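J.: need a structure here:
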Amino acid sequence: MQVFRNRMMLPIIFVMPLAQLLILAYAVTYEIKHIDLFICDIDNTMISREFTGHFIHSPFYNVKYQERSISKGMDELRKGKVHQMIVILPGFEKALNQGRPVRVQVINDAINSSAAALMNAYTLSIIQHFNRNNIEAHFITRGTPAQVNLEYSYWFNPDLNYKTFMVPGILVLLVTLIGMFLSGMNVVREKEIGTIEQINVTPLRKTQFIAGKLIPFWIIGLLELAFGLVLARLFFNIPILGNIPLIFMVAAVFLLVVTGLGLLISTLVNTQQQSMFISWFILVIFILLSGLFTPIESMPQWAKVLTFLNPIAHFIEIMRLVMLKGAGLKHILQPLGVLVLYAAVILSLAIKKYRKTT
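T.: Numbering: from 1, shown residues only. Got it, this is the predicted structure:
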């Protein structure tokens, strides 16, 4: 009754999860499309035009200029009008026909280092594809067998769809935001409106009070997760290969952590605004160190140590293992054990910090 009376909580419960899942699933991507490209083809021969055609017909590139002026291309890069420049020098076709190595210059706008690395990877992939086709054609014309063909498969995400990787992590964020923000505003709201004194003079024990404040949001968090899983399966076609009851069992433990953390913050502050600011400060750190947006393997050693103390990182790891790989309980015992320990510590602190006076 208290939850549905509070108009601030209703949008957080019903609007925020839907918007978060639908927007972030499309916005948070490791792909780069529509790369503005400047092609400087000084050779301007049949083979050089065939080479540049691979970029023109690629869905990742938007060829804005095809000119023979290197200086103009550099100017466009400096102005930020193009992201990448490819220079094909004279003698490109002649050298290839004679079997000599050829150099192609690729210049990337590397202000955004991550984007530059991806652009460079796309370009190198196209160049390697062109090289392979050129070598095979060279062998075939001379009666020599072509290269060995490689056949490969991508396990757990065969379509290389970034949503398959991102949506399980976004579901974890959804549950985290719901649990922490709702529970974080709960006890402190009693302080603001003055009803905390009335509760304190009742025979309720501290554990009963904390349980009463935690259990409704714990249930709401599980319902939000169920809604998110249905949406992920029906709307985004995300596979759920593992045991769904196992997902909810881990989510139940994780929700004890985040709701307990929200209640701990709520017992320490005096206004809902303070609770929101502190909760958001903690969440930003947890999210950035969770491995959702940047791989944990690429973090410095001190950051890797901090991720071990990050409950979001452990739940994201479990969600991806269970949903995408079909992992069982024995495969997630270590991160699950950390969450159980975290829940016990946080709830004990929340109960201890709540001062009941009569």
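J.: okay, CA-based contacts and neighbour counts for the rest of this
T.: Will do.
J.: contacts for the helix or strand that Trp302 is a member of?
T.: Assessed by DSSP states H and E, Trp302 sits inside helix 301-308. Contacts of helix 301-308 with the rest of the structure, by C-alpha atoms under 8 Å, 6 or more residues apart in numbering, involve Leu289, Ser290, Ile296, Glu297, Ala313, His314.
J.: following that helix, which helix or strand shows up next?
T.: Once the chain leaves helix 301-308, the next helix or strand it forms, by DSSP H and E, is helix 311-325.
J.: just to revisit the earlier point, please pick the buried ones from the contacts of helix 301-308.
T.: The neighbour count (16 or more other C-alpha atoms under 10 Å) marks Leu289, Ser290, Ile296, Ala313, His314 as buried among those.
J.: ok, now which ones touch the closest residue to Gly91 other than its chain neighbours?
T.: Nearest non-adjacent residue to Gly91, counting by C-alpha to C-alpha, 6 or more residues apart in numbering: Asp43, 6.2 Å away. Going by C-alpha under 8 Å, 6+ apart, Asp43 touches Ile88, Leu89, Pro90, Gly91, Phe92, Glu93.
J.: please redo it, this time with the cut-off set to 7 Å
T.: Contact partners of Asp43, counting by C-alpha atoms under 7 Å, 6 or more residues apart in numbering, are Ile88, Leu89, Pro90, Gly91, Phe92.
J.: Am I right that it sits in a strand?
T.: No: Asp43: not assigned to a strand; according to DSSP: H, G, I helix; E, B strand; the rest coil it is coil.
J.: what about it, distance to Val187?
T.: When distance is defined by C-alpha to C-alpha, to the nearest Å, Asp43 is 72 Å away from Val187.
J.: likewise Lys79?
T.: 53 Å.
J.: More neighbours: which of these two?
T.: The residue with more neighbours, out of Lys79 and Val187 and counting by other C-alpha atoms under 10 Å, is Val187; that gives 29 against 10.
J.: Rebuild the buried ones among the contacts of helix 301-308 as CSV, extending it with pLDDT.
T.: Shown next, in CSV, are these (pLDDT from 0 to 100):
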residue, pLDDT
Leu289, 89
Ser290, 90
Ile296, 85
Ala313, 93
His314, 94
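J.: Redo those residues as JSON lines? Include distance to Thr29.
T.: Converted to JSON lines, the buried ones among the contacts of helix 301-308 look like this (distance: C-alpha to C-alpha, whole Å):
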{"residue": "Leu289", "distance to Thr29": "17"}
{"residue": "Ser290", "distance to Thr29": "16"}
{"residue": "Ile296", "distance to Thr29": "17"}
{"residue": "Ala313", "distance to Thr29": "18"}
{"residue": "His314", "distance to Thr29": "21"}
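J.: Quick check: what element follows whichever strand or helix holds Gln208 along the chain?
T.: Assigned by DSSP H and E, Gln208 belongs to helix 206-234. Once helix 206-234 ends, the next helix or strand along the chain (criterion: DSSP H and E) is helix 244-268.
J.: Show me what that following helix is packed against.
T.: If you count contacts as 3 or more C-alpha pairs under 7 Å, 6 or more residues apart in numbering; DSSP states H and E, helix 244-268 packs onto helix 162-184, helix 186-193, helix 206-234, helix 333-353.
J.: which stretch among those helices comes nearest Asn134?
T.: Asn134 lies closest to helix 162-184 among those, at 31.4 Å (C-alpha to C-alpha).
J.: pull the CA atoms of the closest one into CSV?
T.: The C-alpha coordinates for helix 162-184 follow below in CSV (Å, rounded to 0.1, in the frame of the first residue of the first chain):
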residue,chain,number,x,y,z
TYR,A,162,25.7,-7.4,-29.7
LYS,A,163,22.2,-7.4,-28.1
THR,A,164,22.8,-11.0,-27.1
PHE,A,165,25.8,-9.9,-25.1
MET,A,166,24.4,-6.7,-23.7
VAL,A,167,20.8,-7.5,-22.8
PRO,A,168,21.7,-9.9,-19.9
GLY,A,169,23.9,-7.1,-18.4
ILE,A,170,21.2,-4.5,-18.9
LEU,A,171,18.7,-6.8,-17.1
VAL,A,172,21.1,-6.7,-14.1
LEU,A,173,21.2,-2.9,-14.2
LEU,A,174,17.4,-2.9,-14.3
VAL,A,175,17.1,-5.0,-11.1
THR,A,176,19.9,-3.0,-9.4
LEU,A,177,18.3,0.4,-10.0
ILE,A,178,14.9,-0.8,-8.9
GLY,A,179,16.1,-2.5,-5.7
MET,A,180,18.6,0.2,-4.6
PHE,A,181,16.6,3.3,-5.4
LEU,A,182,13.3,2.1,-4.0
SER,A,183,14.7,0.7,-0.8
GLY,A,184,17.0,3.7,-0.5
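J.: List of residues touching that helix?
T.: If you take C-alpha under 7 Å, 6+ apart as the criterion, helix 162-184 is touched by 9, 12-13, 17, 21, 25, 29-30, 157, 214, 217-218, 221, 224-225, 228, 238, 255, 258-259, 261-263, 265-266, 275-276, 279, 292, 315-316, 319-320.
J.: How many residues are close by Phe38?
T.: A count of nearby residues for Phe38, using other C-alpha under 10 Å, gives 26.
J.: swap in the one 3 residues further on?
T.: Asp41 has 22 neighbouring residues, counting by other C-alpha under 10 Å.
J.: dump the residue contacts of it.
T.: Glu67, Arg68, Val87, Ile88, Leu89.
J.: Which among those residues count as buried?
T.: For the contacts of Asp41, a burial check counting by 16+ other C-alpha under 10 Å picks out Arg68, Val87, Ile88, Leu89.
J.: Cool, thanks, talk later.
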